[in-house]
Each structure stands twice: as C-alpha cells, then as structure tokens.
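K.L.:
give me coordinates for this.
(2 chains)
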Amino acid sequence: MNWQQLDTLSYQNRLRDLSPEHKLLFGGVLLLLVLTGHALVQLLVFLWMGVWVIGYARIPVKAHLLFLILPLSFFIAGLPAILFDLTQNRTGAPPADAVLSWEVGSYVIYVGQASVSRALELFYRVLGSLACFSFLLFTVPFAEILQVFRRIGMPELVTDLLMIMYRFIFALLDASFQLWVAQRSRGGHRGFRALVRDVGMVATQLFVRAMRKYQSLSMGMVARGYSDSFHVQSLRIHTRSPRYEWESILGCIALVLLECLTGGWRF
Amino acid sequence: MKRLLEFSNLQYTYPGGQKPVLNGVSFGIPAGKKCALLGRNGCGKSTLFLHANGILQPQQGQLFWKGTPFVYKRSFLQEMTQKVGLVFQDPEHQLIASTVTEDISYGLFNRKLPLEVIREKVAGALESFRLTELADVPIHHLSLGQKRRLALAGVMVLEPELLLLDEPTAYLDRYQTKNLMRELDQIHRSGTTVLMATHDMDIAFEWAEWICVMDGGRLVFAGEPQEVLSQKELLESLHLGIPLVAEVWELLPAYLKNELGAGIPQSVEELKRRLEAKQEVASV
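P.N.:
As a prediction, the model looks like this:
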C-alpha cells in the first residue's frame, strides 16, 4: 500500500458523507480510552474499529491489515530492548522471575516475567491505537481533517503548512517516480553500484526541481492575489446517520463502563 | 480602437541572464477582442505575461492599464492581479489548495469577500467549468486537462477584465482543445478580453480576431488575422509556418478562389461552408 492508495480510499469510503467532526471525535475518544485503559478494552476497541473500517467504511481488509502491520514492525523492532535483560552471573542460578535464560560467560541474558507482561501491555495498547488511527485516516480525507483543525482554532500557520505539505508530498512523489522511470528507460539501475548512484541522482534532482518549482509556485500565488494567508473552504455538506451515531455513543459508554469494572478506573 | 492594457518599450533581463528576454516590446491589447500572441518558444511571451499583472517590474519602459501607468505598490498590484487573470502553462504552478472546491475558493478569500458570496461564486464556477462531479476530489487525482480547467476556473471566478493564457493547448488532445476553445469563446462573450499565447498557427488563425507576433523579445507584427497572412515572408522567416487551411487555399485554382469569395477562410469549417454554398448555387 502506498500513500496515494490511502488517500484514494479515504475519498471513496462509505463513511465519507458523515461529518468529519463526528468521526474525529469518535476516533479521538476511543484513542483516549485505549491510552488510559487496559487490555480487555484495548482489544475490544481494536476489534470494533476493525468492524467500522472493514464493515462500515468498506476499506479492503488487505489495506487495513497492511496499515496495521507497517507501524507494528516498529514495535517488533523495539521488542528485544523491552524483553531481554542482562545481569552478572553470581549465584549460578537464573534470576527468580526469569521465563527464559541463557548463560553467556559470566553473564546471564534472561526474559523476565515482568518484561513479558510489559511487552503484552504495550502490544495491546499499540494495536488499539493503530486501529483508531486506521479508522481516522481511512475515513476522513486529509483536506477535511484540515477543515476541522481550522474550525477548532488551530493556528493558521500550522494549517497552512499542513495544507502545502499535503499538496507537495504528492507532487514530490510524482516527480521522483518520473525521474525513476526515466532512469529505468534509459538503461539505469544496472547493478548495485549504479543503483545507488542513480538513487543519489534522483535525490539531488528532486531538490533542484523542488527549488525551481517553489519559485514558479510563488509567482503563481502572487498572480492569484496572495496577500498574507491561505484561506480556502470546501462546500461539501455532510449528512448525519442516526444509526452510526447511536452505535458509536452506546459503544463508547459500554467500553467506559467495562473499563470501570475490569480496569483501574474508579469514580 | 480602445486599448485595455498597453506595453511601452519594455525591457527585461532575468537576473543572471545573458540576453534581454524582452527587448523593447510595445503594443496595446484591444479591449473586447479575442487576441492571440504568436511566437516561438523562448521569444518572451511568458515573461511578458508576468509583466502584465505586475509580478515582474520592467527594467525599462512602462505599462498602462486603460491609460493609467502601473504603480509598483502593494495595493495597486493586488488590484491588478484581480483585473488581469493569468493562467500559467503548467497548472501545477498555480493550484495550491488540496481539493478542487478549496482551490477555486482560494482567490476569492484573498479578495476578502463574505462567505455566502464565496459559496455562491464557487458553486457557479464549478458548474460553468463542468467540475461539479470533481468538487471534492484532491488535485493530485486530476488529469492534465482537468487541472487546466481547474486553473482556468480559479482565475475566472475572480471575473478579471483581461484573461491571459500561456500556451493553454499544450499537451491537450484534440477533443480537450476544442472544449477549451469553446470555453474561451464563452468567456469572451461574457465580456472578458482574452489574450492567448501560442505557437499553433492553426488555432490562432481560426479563433483570434486580432493577432500579434513576437520574436526575440520584440513585437514584429500586430493586426487582423487576414493581414498576418499577407506577410507570408515574415511568417516564414520566423519559422512559424502558415495555417493549414491557408496552404490548402493557396493550392486552389484562381477561378475557384474568385468564385468562393474574397479572403482566406479562417477555418476548415468556413471553407466547407463556402464550397457547399457554391454547389447549391450551381445546382440551382
């Protein structure tokens, strides 16, 4: 999955017509619940979000899973640091709470009970919050996220920068793809050395072209009467769906109650 | 003839450039006409356009808007960008926002109009440029033709008095070119003066009511399309060529030309019409 695809999906999903504020609020509340709650609730949020993304928004299962797997790989890369501990071997026996242990010279490398439960706790949290992000990114197009940011009073500078960045990520990807194809069709990328050299060339060319493009773009902006800030507005009218609203509200209440019962929340 | 915008002896060299790009251009754009600016690549057309709405300041010479000289002050230039709409050759250079609707609204917000007016105007522009279906599509999902149309819509929504287009037909297929010309006709009918830079003789001759030719940073000719064709040597020396329909006309025998009426037909359609009219007369 590439970014272009994520973007396309977010513009074509079935929940597109619902108000972006509601979706952001819903995703935000669940994210908060996942960050403060415990394993059972986190797992439930993960599954429930899956139902929303795949079932209601009709995002392909593959896209949803890929979205989860990519960031999860960072979690996995960080796992060894969480799981493994190292101590000096004095007594000849492994530490009391070790699940696994290896002796290496005068040291013991071991996986403690505490680290395992910490890793699990982290895993559920990561899973739950990724599912929330998947819901937000797949169902709310970036332009609408920006609209909401503007409405809730995010500083103009931030929203303007985000807007330009969003616009140019794709311009840049496009340009780099064109350069890549041009090199390929002119016989580049032969062997590892040439590949590295060609990739370097793409990078420098991209920089040069970006600077040139910046110049023409600033002219284009002046020609369209740029004065001090960006202001744009979408005219889309969003609909409301009682069915989805009820499900989201009731679901959230149920999850909060569950967290109170099973987790550590006390009022 | 009333002049909308007048260039007087403009000179401009880009910083670090070897030769002046504009080397004493002087001419006026007649108000209310469909105009074409002909010239080969690199003859200074785009640079001239950047002068026309005040983005570039000439190193020598002056510009006049309806007789009043340009003042290079912020407020005046802001006003000029509104009166003179400029459509760049590469639409990527002027599309800024992330979706079609947002981009059209950009210029309107710069004019600080009230929100209801903006909504109304954007909706109108979406409709007249056939963009309604694409209203919420992000810009990077559009094709080149659609991007061109959006760039034009974003400029026209500001209702400029003069519309400048830099090579608007470049890379467009025949169908899209035809649509574009029809849109330009419509814009012209609603009262906007249009000046299009191109190197396509066929399009210029068929569409324009007034043609000027630039070469090497200066103006070499300005006048009616028929007059341009009488300067055949000039066109040939500039390697611009002559329109296909004119070349075909040249090949017709002299008596046929006499019977078909005076002047070179401006388009293949006109030649067809004249031939059909003649046949009807003959059959009667």
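K.L.:
residue contacts, the residue nearest to residue A:232 when sequence neighbours are not counted?
P.N.:
Nearest residue to residue A:232 in three dimensions, chain neighbours excluded: residue B:102, at 3.8 Å (Cβ to Cβ, 6 or more residues apart in numbering or on different chains). Where you see a C-beta, it was placed from the backbone N, CA and C, and this is true even at glycine. The contact partners of residue B:102, by Cβ atoms under 8 Å, 6 or more residues apart in numbering or on different chains, come to A:143, A:232-234.
K.L.:
one more: residue A:15?
P.N.:
Residues near residue A:15 by Cβ under 8 Å, 6+ apart: A:23, A:52, A:56-57, A:139, A:244.
K.L.:
and which of those residues is nearest to chain B?
P.N.:
Closest approach to chain B among the contacts of residue A:15 (Cβ to the nearest Cβ): residue A:139, at 14.2 Å.
K.L.:
so the residue nearest the centre of chain B is in which element?
P.N.:
Geometric centre of chain B, nearest residue: residue B:196, 1.5 Å, by Cα atoms, centre = their mean. Assigned by DSSP states H and E, residue B:196 belongs to strand B:193-198.
K.L.:
anything in that strand near chain A?
P.N.:
No. With Cβ under 8 Å from any Cβ of the partner chain as the criterion, chain A is not reached by strand B:193-198; the gap is at least 14.5 Å.
K.L.:
now for whichever helix or strand comes after that strand, which elements pack on it?
P.N.:
Using DSSP H and E, the helix or strand that follows strand B:193-198 in sequence is helix B:201-207. When contacts are defined as 3 or more Cβ pairs under 8 Å, 6 or more residues apart in numbering or on different chains; DSSP states H and E, helix B:201-207 packs onto strand B:34-38, helix B:174-189, strand B:193-198, helix B:225-230, helix B:244-251.
K.L.:
name the helices or strands packed onto the first one?
P.N.:
If you count contacts as 3+ Cβ pairs under 8 Å, 6+ apart, strand B:34-38 packs onto helix B:174-189, strand B:193-198, helix B:201-207, strand B:210-215.
K.L.:
so which bits of the longest one are buried?
P.N.:
Just to be clear, that refers to helix B:174-189. B:176-177, B:180-181, B:183-184, B:187-188 (16 or more other Cβ atoms under 10 Å in any protein chain shown).
K.L.:
do the same with stretch B:252-261
P.N.:
Using 16+ other Cβ under 10 Å as the test for burial, stretch B:252-261 gives residue B:260.
K.L.:
what's around residue A:188, how many residues?
P.N.:
By other Cβ atoms under 10 Å in any protein chain shown, 17 other residues sit near residue A:188.
K.L.:
where does the nearest residue to it once chain neighbours are set aside sit, in terms of helix or strand?
P.N.:
Of all residues not flanking residue A:188 in the chain, residue A:198 sits nearest, at 4.7 Å (Cβ to Cβ, 6+ apart). If you go by DSSP H and E, residue A:198 is part of helix A:191-223.
K.L.:
what pairs with the strand holding residue B:196, parallel or antiparallel?
P.N.:
Strand B:193-198 has its sheet partners listed here by DSSP bridges as strand B:34-38 (parallel), strand B:162-166 (parallel).
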